[in-house]
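Asker: Compute the structure for the input listed below.
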Amino acid sequence: AADKIHLIPQDFFAELCEQIIQHLNHKIPGVNTAELCQRIQTSGIEINVGDLAQITNIVSFLFSTAARNNLSAEELVATLGNAVSTLPKHAVQVIRHVWNEQGKSISVSEDARNTATVGQFVDVKWKLGVAMSSDTCRSLKYPYVTVTLKVADPSGQITDKSFEMTIPQFKNFFRQFKEMAAVLETV
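Answerer: Here you go, the predicted structure:
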């Protein structure tokens, strides 16, 4: 993925780095690589979301390791120079600038190091639909609920997870959420 960094224009790479820092500071749930990839592609650059996600993971690991080791911007750049000679000059400049400006804000507490690696809920969308017919049945009139969960995985990658439920399944789903809410009220 490091060889793909040269494809990303400096301004988009800077935005990516800043979003990663915000994610590491728990200010945003994750980096929306799909949206950023679409904007990069719209500008005429050919890159796929998988490559951008890998770059995001690499830079996130770089920043979190630098925070854990309490590196200055110059120490980070020196370490990069020793380890990765394939990084383009503009990427190194952006990493140095962003780390110099915002790197010290990353809090690496003992609690943060020991937290479980689980995803974080970002958003939910739902819609009610009715299947009117199919190739095997002329008149279905079968209601269903489609739910799309937006989730940030531990690395900050935001993904959508969609699923459909029958009305009885949805009622069970809703009942379980009411139970969770009731338990939370007692805490």
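Asker: The residue lying farthest from the centre of the chain: which element?
Answerer: Computed with Cα atoms, centre = their mean, the residue of the chain farthest from its C-alpha average is Arg138, at 42.3 Å. Here Arg138, judged by DSSP states H and E, is contained in no helix and no strand.
Asker: which residues touch it?
Answerer: For Arg138, no contacting residues are found, by Cβ atoms under 8 Å, 6 or more residues apart in numbering. The way it works is simple: take the backbone N, C-alpha and C, and place the C-beta from them, glycine included.
Asker: i'd like the first residue to be 37 from this point on
Answerer: Right, with 37 as the first residue, what we last looked at is Arg174.
Asker: Only the buried residues of stretch 86-93, if you could.
Answerer: Within stretch 86-93, the residues that count as buried by 16 or more other Cβ atoms under 10 Å are 87-93.
Asker: swap in stretch 91-100?
Answerer: 91-96, 98-100.
Asker: what does stretch 59-72 give?
Answerer: Within stretch 59-72, the residues that qualify as buried are 59-60, 64-69, 72, counting by 16+ other Cβ under 10 Å.
Asker: Any regions of this protein where pLDDT drops low?
Answerer: 37-38, 118-122, 143-154, 190-192 (pLDDT under 70).
Asker: could you show me where the strands are in it, in order?
Answerer: Secondary structure of the chain, counting by DSSP state E: strands at 156-167, 178-188, 194-202.
Asker: Once you drop chain neighbours, what's closest to Trp162?
Answerer: Closest residue in space to Trp162, ignoring its immediate chain neighbours: Val183 at 4.9 Å, by Cβ to Cβ, 6 or more residues apart in numbering.
Asker: Can you get me a residue count around that neighbour?
Answerer: By other Cβ atoms under 10 Å, 15 other residues sit near Val183.
Asker: what's it in contact with, if anything?
Answerer: Neighbouring residues of Val183 by Cβ under 8 Å, 6+ apart: 160-162, 198-201.
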